[in-house]
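1. Sequence isn't available, so here's the structure alone:
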């Protein structure tokens, strides 16, 4: 493809994006393809000769588009939203236009320096204290791919800090995460019991028990806005307990909810004061409802040396004069991989394109932080409910949960089959629930109301089916 | 920004990319900005009100562009090349236009299915055996961000496989990497001594010693084409030794050189037969000279269950009917993070846009795999050389290396200051060397010849300076 062919294909790609967002509302939210749909449609090997891009683009429409779930559709209420702003698209386009691996300052000075600057912009937007600003020189922030990577980086730094002062066998080291923490893959070490949020007393008991057994907890990963239920761990209580255990690193994963800190009215509820005074690291994802296209997970640490001591490996071929002198940040030492993309461009474009007020106005969030977790639990009040109540009394108490779980699984299955919205499930302490997450940039009140009607319709149908004995309890 | 504003900004961005590649040859390769150049030029916080994108784009030209090192410049010979094809740019643009986190099949079926298909295309392009093809159902491939991530994923899977059959305390587990392996951050456990490549006898001795001490090596990370010197570990000898230690995982990191396997004439030299019969995992980076824009690291494993057993954490809110039934791949269990971008699009676009023959034709690689590592070592033959020879004899043998290292450091410093090429350094067994890596897509023979003249000029200048006693030996 030469320059003029690229110009033509590029314009067409831009037009296609415009068409996509103009017609998005009229598409089904979820794809209806079946597993394995694509393999029969494509060759089993690459072509011998290069093909014209117009053919490739046509195949994208024909074969790929029907297999997309439209995360930017206004009726997408599943998982969490994934941001796609025009500014974010342009940021990714500018970055990939002249790519570089970004592992040290010399790779492209603008990339490192812009990241340091816009991470400070983002810190200020969220109200993070100067301790976390790159400009202050002690702490600082860096872009990571996802909250999992951010948590892993924090864990590596925490372990390095811990073993530098304690001699602890590797297999005695313990990571504490709340049970409702995200699926990073670390094993939960304690159970949260208060509206799914971690309380101080639970933590203290767990610490005392583990220490008595010779275990060495070195990091606690607390969550502000859990994935399953939106619960917020009680950070002030955690801070009070950890004051007695100063070597334990406190990481706060606010992957989804953290963006809400841009609105000052949420800051008390999300414990910003504790974040600013007590945590060692803090993460939120601008790629959820922060208007920056995936991926853009922001991680801040209070002491940058804890990161670079744990992650700095500088072989000779990566050494540079400025790096050796300490005059510059080498961001490869702030994450796990070596190379990194120029992601700060899209964050810069979004923050400038929206401005603080535009960014805040975009987050029309009620105190629930826009995540609702619910289930169908029929009881008296209407005709169907009355019947259900009678049925319910027939069942023993211990079968009740099993029965309601089966009913709700059926209810959810109905919702999952609907092409006009996307929604997900979860299980909270054994209770099957439906999750409804609002936050796609194009969602309006009308979409939420329409979704409510669909939910009500399917709930009634599921309850009716249940009464007719059509739902098997397993 | 509304749709029409985006269309305008998008067209302008495409035009800008066309201009960039049309004028690239006339730009200096490296940026000449000084550390800290950007902070005084930008505000310290985001604007209150959104700004017009034309202002943002203008600032990109004014403030960011001067701080870029042009990795796609034909005179870029530093580190390794980073690919940027027009097809790759379009792939990233299409992907970011409708982003989704890609962690399971339902996220967007097209994303998972295309990845499985084009990873097979790529495997066939490189000559990898059917064992590694997704279609075969036992092994398979997935896109990772970088070779570091690929190595980390392999290590996690290897550890899980090892501890499932051996009870070994965590701190007895040992990772073997060759000293010239890339900067993943794992500690080197043995020294390679044959042209910087690992030989079988060295490995056997190290294994016997470590096992006698109670250590448990569970993975060997061998390298095909090391970063420092381009060395290729002797895979057939390694295979023979590891036949006696079948629980040790063999990972081959061919981040840079692996792409050359697309040309059948390189396959013997790069031990493709051994890769196909003996390795547990194999990685190469299409984002180096494989024409796919950063990031696109391809990882294949012989047994996909080793990966998913180690990495599968499926909380209720990520469960889906198809995932539970095993009918689909859930790629979140093939890498460390949860979310992942739709990277297979750019690989698809590149493989289709170039075709196998176009891809092969692009790699005009001599047997050296296009990496030359050299140093200035003046000796008799010309006037300068004769003088140098006399000087050299005056120095004791033990000072010789120190002196040549200082001379070459000065030589390299001269090259590093040149705006008309980019080049890097390395140290091989204590010997300071200059690295010259060819592979930018737009480099022609004329650029290499011009670079040779620059190198010769600066070498002569450095040697002259040395003779005049201007180079301090430290």
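-> Great, that's in hand. These numbers come from a predicted model, not from an experiment. Numbering: from 1, shown residues only, chains lettered A, B, ... in the order given.

2. Which one of the residues in the stretch 101-250 of chain A is closest to chain B?
-> Checking the stretch 101-250 of chain A residue by residue against chain B with C-beta to the nearest C-beta singles out residue A:110 as nearest, at 2.8 Å. No exception for glycine: its C-beta is placed from N, CA and C like everyone else's.

3. Can you tell me the number of residues neighbouring that residue?
-> A count of nearby residues for residue A:110, using other C-beta atoms under 10 Å in any protein chain shown, gives 25.

4. Can you name the residues that contact it?
-> Residues touching residue A:110, when contacts are defined by C-beta atoms under 8 Å, 6 or more residues apart in numbering or on different chains, comprise B:31, B:33, B:38, B:63-68.

5. With adjacent residues omitted, what lies nearest to it?
-> When the adjacent residues along the chain are set aside, residue A:110 lies closest to residue B:67, with 2.8 Å between them (C-beta to C-beta, 6 or more residues apart in numbering or on different chains).

6. Phi and psi next, for that neighbour.
-> For residue B:67, the backbone dihedrals (degrees, to the nearest 10) come out as phi -100, psi 10.

7. Give me the neighbour count for it.
-> Other residues within reach of residue B:67, judged by other C-beta under 10 Å, total 20.

8. how far away is it from residue A:330?
-> As defined by C-beta to C-beta, to the nearest Å, residue B:67 lies at a distance of 15 Å from residue A:330.

9. returning to what we had before: these two touch, right, the residue nearest to residue A:110 and residue A:107?
-> No. In this structure residue B:67 lies outside contact range of residue A:107 using C-beta atoms under 8 Å: 10.7 Å.

10. before we move on, the earlier item: give the full set of residues in contact with the residue nearest to residue A:110.
-> Residue B:67 sits next to A:108-111, A:113-114, B:31, B:33, B:37-38 when contact means C-beta under 8 Å, 6+ apart.

11. swap in residue A:445?
-> Contacts of residue A:445 (C-beta under 8 Å, 6+ apart): none.

12. Now that we're looking at it, what pLDDT does it have?
-> Listed pLDDT for residue A:445 reads 86.

13. Pop out the phi and psi values for it.
-> The phi and psi torsions at residue A:445 (degrees, to the nearest 10) take the values phi -60, psi -40.

14. Also residue A:243?
-> In this entry, residue A:243 is assigned phi and psi values of phi -60, psi -30 (degrees, to the nearest 10).

15. how deep is it tucked in, by neighbour count?
-> The number of residues packed around residue A:243, counting by other C-beta under 10 Å, is 9.

16. how near is it to residue B:321?
-> Counting by C-beta to C-beta, the gap between residue A:243 and residue B:321 amounts to 47 Å.

17. OK, contacts around residue A:145?
-> For residue A:145, counting by C-beta under 8 Å, 6+ apart, the contacting residues are A:295, A:297, B:145, B:337, B:339.

18. Tell me which of those residues fall in strands.
-> Cross-referencing the contacts of residue A:145 with the strands (criterion: DSSP state E) gives residue A:297 as the overlap.

19. which one of the contacts of residue A:145 sits closest to residue A:223?
-> Distance from residue A:223 was checked for each of the contacts of residue A:145 by C-beta to C-beta. The minimum falls on residue A:297, at 14.5 Å.

20. which residues does that closest one contact?
-> Taking C-beta under 8 Å, 6+ apart as the criterion, residue A:297 is in contact with A:143-147, A:149-150, A:255, A:283-287.

21. beta partners for it?
-> Taking DSSP bridges as the rule, residue A:297 bridges to residue A:144, residue A:285.

22. And it, what's its pLDDT?
-> On the pLDDT scale, residue A:297 is placed at 96.

23. Quick check: which ranges of the stretch 101-250 of chain A have low pLDDT?
-> A:179-196, A:227-228 (pLDDT under 70).

24. What is the distance between stretch A:68-80 and the centre of its chain?
-> When C-alpha coordinates are averaged (C-alpha atoms, centre = their mean, to the nearest Å), stretch A:68-80 and its chain have centres 14 Å apart.

25. Between the two ends of that stretch, what distance do you get?
-> One end of stretch A:68-80 sits 16 Å from the other (C-alpha to C-alpha, to the nearest Å).

26. State the distance from residue A:53 to chain B.
-> If you measure residue A:53 against chain B using C-beta to the nearest C-beta, to the nearest Å, the figure is 6 Å.
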